[in-house]
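In: The following block contains a protein sequence and its predicted model.
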Amino acid sequence: MDTKVVARNVAEPPVEVEYYGLERTHPGRWASKCPICKGGVLLVHRNNETLEILAQDNCMLCGRRFVYTDVGEMRKMDRGGS
Ligand SMILES: [Zn+2]
């Protein structure tokens, strides 16, 4: 990945995505495949103190930033609820 491309992607406004529409890297894990570059990974980040899942994420490869529009569902799932 070209570092200039990464720098440009990081500077772009975040892309809104539905977490539950993304493909997971491994079953049972939170990480998803990047819907833009396809080769990168969105790890899913948490608040350091509350451990609550954050809506903002970024691709480890292309640097593209994302916002999960369905973060409420993710948090519910994380708490083990339905
Ligand atoms: Zn990517």
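Out: Received, thanks.

In: Quick check: M60 vs V67, distance?
Out: 17 Å (CB to CB, to the nearest Å). Using the backbone N, CA and C atoms, a C-beta is placed for each residue, glycine as well.

In: try V17
Out: Distance, V17 to V67, using CB to CB: 7 Å.

In: ditto for R79
Out: Counting by CB to CB - R79 and V67 are separated by 21 Å.

In: Same question for V6.
Out: 19 Å.

In: can you pull out the strands in the protein?
Out: 15-17, 32-33, 41-42, 56-58, 65-68 (DSSP state E).

In: Dump the longest one to CSV, keeping only the CA atoms.
Out: What it means is strand 65-68. These are the backbone C-alpha positions of strand 65-68, laid out as CSV (Å, rounded to 0.1, in the frame of the first residue of the first chain):
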residue,chain,number,x,y,z
ARG,A,65,-11.6,5.4,8.7
PHE,A,66,-15.1,4.0,9.3
VAL,A,67,-18.1,4.6,11.6
TYR,A,68,-20.3,1.7,12.4
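
In: Would you mind naming what in the protein lies close to the ion?
Out: C34, I36, C37, G40, C59, L61, C62 (CB under 5 Å from the ion).

In: Swap in 8 Å and give it another go.
Out: Contact residues (CB under 8 Å from the ion) of the chain with the ion: 9, 34-42, 59-64.
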